[in-house]
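Colleague: Here's my sequence, what's the structure:
(chains A and B)
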Amino acid sequence: MILTIAARELKCLFLSPLAWSILGVVQFILAYLFLGQLDTYLTYQSQIAMMENPPGVTEVIVAPLFSSATIILLLVIPLITMRLVSEERRAKTLPLLFSAPLSMSEIVLGKYLGILGFLGIMLGLITLMPLSLLLVGTLDFGLLASNLLGLALMLAAFAAAGLFMSTLTAQPTVAAVTSFGLLLLLWIINWAGEGSGQSVVAYLSLQGHYEALLKGLFNSSDVVYYLLFILTFLVLSIRRLDADRLQN
Amino acid sequence: MDSDTLIKVEHLSRRYGDTLAVNQLSFEVKRGEVLGFLGPNGAGKSTTMQMLTGNLAPTAGAITINGIDMLENPKAAKLALGFLPEQPPLYRELTVDEYLDYCARLNRIEKGKVAAAVEYAKERCGLTHMSQRLINNLSKGYQQRVGIAQAIIHSPDVVILDEPTVGLDPIQIREIRQLIRDIGTEHSVILSTHILPEVQATCDRVQIINRGELVLSDTIDGLTQRMQSSSLVVALRQPPALETLGAIGGVTAVESLEGGRLRISHDPEQNPAEQIVEQAVAAGWGLYELTPERLSLEDVFVNITTTDHATQSEQEEAAA
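Modeller: Residues are numbered from 1 along each chain as shown, chains lettered A, B, ... in the order given. As a prediction, this is how the structure comes out:
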């Protein structure tokens, strides 16, 4: 049942030009950055080779690529998630889901899974770029896996927050702007000045947990952070949709 | 509870802030019955239907669909329910087939039976030749039909339609009414509308709701009875004095209308038409027209909703 909703969500995404253009634009920008990194690596290759503990191709090219990918996707994901619920609210199609034998959790999970499907496709396309290096050399697969895991978790977290913001309004644009604001805030929250609450605030930041994974450090607490983040926003979304039915 | 009672509503209320949109509504619908739900705008029709279908939670009261409690076991209750909201919930970027396929799956039809269910619903709603069209490109009437197809796709015991004929042309309205009658033979149907002839054309029973309260619940026959008024209009070439007419047995009042016509009100138990004709012939009044007056459904409706309104404001004044 969840999969039925997810499949429709994914299908409708690809029926609009939005999904295609987003995939195209993101791929184009990242390809440009990837080529830039590759160029840098080739220029300094001889110097890098002379270093005592030389960084590998994966470290020099893939990690920065994935790091930039998150920033770009931070801008882009709100555009994909904005329509999830708000569009249905605006077109008054929610009663179809509400009067079908479905629980709220199934509806929310279905929609979330649909978006994850789309992000999976996007992640696959992005990963193709580093994988193309296999034609001429080899990669550090451990580091690549850790980078991929980090990016995947980050995207999943973005999508959960975007989904929640979309349940709050009937205007997709408002949903996009607010989810972008929320994500940006969570991104830069650790920039706040020193203070007693500093460590707590820094812990909340999405960015901190990502950097370790980019370096190839797999710390289960980072993974748990993302999972909790996703769970929180999914539960909030379910509660928000339930509130539609209940007494206000 | 009677096993043939498909919908049972008890003391249903819903509040929006300070306004009581639906107040202590109770009714039942049996299998094979089409119930017309009438009321002026803002009477609480849509709110009631949204509560019946689980789109809104009631403030108080109980809803039982086919013996299953909607509030305690919403998934099972919704399985026996098809709903067409005021605005059909259509995904306009899908084709009719894709959309109905999705609806069938949402309503937990087994994989192997989805295609058959879609085919059946399309056939019932006259959509077979529109299968591959985008819903967005369909006319309003066809979109409405897709909405109805969506509501009956899983052959639910209860079908709830909120103003299904709004915005359709007269031919489409007739087709949709016929469709509703057809559906009503096997399922229970609740139909909300503010178009009165529609009720006469499609429903077995009528409920009129005003300001969130049930003000009338009657069969169509009962309603027709109510429409019979107790007055005659007669036209005479040489009318006698009004007193002569007033003396005829059963006549309670005589009133002159324009064009030489007279309205004769009478005791509902005692129709004086025969005596009037006999006397007119005997005395040579020159009777050339005699019509029993009939209230239209509109009149009954206006009567019920406005009297109720009047008594209510009287009560309010008394309370103040």
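
Colleague: Please state the backbone phi and psi of residue 239?
Modeller: Unless you meant another one, I'm taking chain A. Residue A:239 adopts backbone torsions of phi -70, psi -40, taken as degrees, to the nearest 10.

Colleague: for the stretch 151-300 of chain B, what spans make up the strands?
Modeller: Using DSSP state E, counting those that start in this stretch, the strands of the stretch 151-300 of chain B run over residues B:158-162, B:188-193, B:205-210, B:213-219, B:228-236, B:251-256, B:261-266, B:287-294.

Colleague: got the ones you listed as CSV, with mean pLDDT columns?
Modeller: Converted to CSV, those look like this (pLDDT from 0 to 100):
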stretch, mean pLDDT
strand B:158-162, 92
strand B:188-193, 89
strand B:205-210, 88
strand B:213-219, 85
strand B:228-236, 79
strand B:251-256, 81
strand B:261-266, 82
strand B:287-294, 82
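
Colleague: I'd like to know which of those is closest to chain A.
Modeller: If you check each of the strands of the stretch 151-300 of chain B against chain A by C-beta to the nearest C-beta, strand B:158-162 wins as the nearest, at 8.4 Å. For every residue, glycine as well, the C-beta is placed using N, CA and C.

Colleague: by how many degrees do the closest one and strand B:188-193 diverge?
Modeller: Counting by axes from the mean of the first three to the mean of the last three C-alpha atoms, to 10 degrees, strand B:158-162 lies at 10 degrees to strand B:188-193.

Colleague: Run the chain-centre distance for strand B:158-162.
Modeller: 12 Å (C-alpha atoms, centre = their mean, to the nearest Å).

Colleague: Near chain B, which residues of chain A? Just list them.
Modeller: Applying C-beta under 8 Å from any C-beta of the partner chain, one finds that chain A approaches chain B through A:1, A:4-5, A:8, A:11-12, A:15-16, A:91-103, A:245-248.

Colleague: Pull out the buried members of the residues you listed.
Modeller: The neighbour-count test (16 or more other C-beta atoms under 10 Å in any protein chain shown) marks A:1, A:4-5, A:8, A:11-12, A:93-102, A:245 as buried among the residues of chain A next to chain B.

Colleague: Switch the strands of the stretch 151-300 of chain B over to JSON lines; also include mean neighbour count.
Modeller: Listed next are these as JSON lines, based on neighbours: other C-beta atoms under 10 Å in any protein chain shown:
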{"stretch": "strand B:158-162", "mean neighbour count": "25"}
{"stretch": "strand B:188-193", "mean neighbour count": "25"}
{"stretch": "strand B:205-210", "mean neighbour count": "23"}
{"stretch": "strand B:213-219", "mean neighbour count": "17"}
{"stretch": "strand B:228-236", "mean neighbour count": "17"}
{"stretch": "strand B:251-256", "mean neighbour count": "15"}
{"stretch": "strand B:261-266", "mean neighbour count": "18"}
{"stretch": "strand B:287-294", "mean neighbour count": "13"}
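
Colleague: need these in TSV with distance to chain A, can you?
Modeller: As requested, the strands of the stretch 151-300 of chain B are exported to TSV (distance: least, C-beta to the nearest C-beta, whole Å):
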stretch	distance to chain A
strand B:158-162	8
strand B:188-193	13
strand B:205-210	20
strand B:213-219	20
strand B:228-236	40
strand B:251-256	51
strand B:261-266	49
strand B:287-294	40
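
Colleague: Residue B:181: neighbouring residues, count only.
Modeller: 15 (other C-beta atoms under 10 Å in any protein chain shown).

Colleague: now swap in residue B:137 and tell me
Modeller: Counted with other C-beta under 10 Å, residue B:137 comes out at 11.

Colleague: how many neighbours does residue B:20 have?
Modeller: 16.

Colleague: Point to the helix or strand of chain A where mean pLDDT is at its lowest.
Modeller: The helix or strand of chain A with the poorest confidence is helix A:198-204; it has a mean of 73 (mean pLDDT, DSSP states H and E).

Colleague: any idea which helix or strand comes after that one?
Modeller: Sequence order places helix A:206-214 as the next helix or strand after helix A:198-204, per DSSP states H and E.

Colleague: so where do the helices sit in the stretch 51-200 of chain B?
Modeller: B:74-79, B:96-106, B:114-124, B:140-152, B:170-186, B:196-202 (DSSP state H, counting those that start in this stretch).
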